[in-house]
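Engineer: Predicted model and sequence follow; I will ask about them next.
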Amino acid sequence: MALKMRKNQSPPPPPCCPLLDCLAIIGGAWAPNVIWHLRGGPRRFSELRADIPQISPKVLTTRLRELETAGVIDRHVVPTSPPSVEYALNAFGWKLVPAIEAIAAVGLELQQHRQARGKPPSPRRRHPKHLHAKTPAMATAAELPALHRRSARAAGRPARIAIRQPDSGEP
């Protein structure tokens, strides 16, 4: 016997859904982290890289440009020698901070709830214990195999890595 389709009791969304617009801004990879760290005040690119060591420079550049285009952050060129650029939340960006703080609070409650029930952490969750002091970009060629094995083990997948040795010039 088929189940009867129930009528949706929630009000219909507005024609242009503001929820989707907001999530498009903060839903990008690392965007909430960038906003989180900018709430402490203006930060330079290198400072943000230090704040979020797991993010690559390319992705950080992309997120900063996206957030600037979306009108969440302001980019200010500081007239120093050499010139530097600071990023800061603008008035619109500050309106997103309470939403991100609320999401973080719910995430903490979910973690505590899972721990109380004896459940393992979510498989997609990145916990600081899985992060390493040296990222692959900072590791030497000799350290890469061990680093890759540790990160593969933490992710639950087999470790496969091939390191190309520089040519010695011999035929």
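Structural biologist: Perfect, I can see it now. Residues are numbered from 1 along each chain as shown.

Engineer: can you pull the pLDDT of the most centrally placed residue in the chain?
Structural biologist: Here the mean C-alpha position of the chain is nearest to the C-alpha of Trp30 (CA atoms, centre = their mean), at a distance of 2.4 Å. Trp30 is assigned a pLDDT of 94 by the prediction.

Engineer: Repeat that for Leu3.
Structural biologist: So, for Leu3, pLDDT stands at 88.

Engineer: count of neighbours near Arg117?
Structural biologist: 7 (other CB atoms under 10 Å). (Glycine included, C-beta is placed from N, CA and C.)

Engineer: thinking again about what came up before, so who does the residue nearest to the centre of the chain touch?
Structural biologist: Ile52, Ile55, Val59, Leu60, Arg63 (CB atoms under 8 Å, 6 or more residues apart in numbering).

Engineer: between these, which has the most around it?
Structural biologist: Ranking these using other CB under 10 Å puts Arg63 first, with 22 neighbours.

Engineer: Assign it to helix, strand or coil.
Structural biologist: Using DSSP: H, G, I helix; E, B strand; the rest coil, the secondary structure recorded for Arg63 is helix.

Engineer: With the one 4 residues further on instead?
Structural biologist: State at Leu67, reduced to three classes by three-state DSSP: helix.

Engineer: Tell me who's in contact with it.
Structural biologist: So, once contact is read as CB under 8 Å, 6+ apart, Leu67 ends up touching Ile25, Ala31, Val34, Ile35, Ile73, Gly93.

Engineer: Of those, which belong to helices?
Structural biologist: Ile25, Ala31, Val34, Ile35, Gly93 (DSSP state H).

Engineer: and which of the residues you listed is nearest Ser10?
Structural biologist: Ranked by distance to Ser10 (CB to CB), the ones in helices among the contacts of Leu67 are led by Ile25 at 23.0 Å.

Engineer: isn't that closest one right up against Lys95?
Structural biologist: No - under the criterion of CB atoms under 8 Å, Ile25 makes no contact with Lys95, lying 10.7 Å away.

Engineer: okay, these two: which has more neighbours?
Structural biologist: Comparing Ile25 with Lys95 by other CB under 10 Å, the one with more neighbours is Ile25, at 19 against 12.
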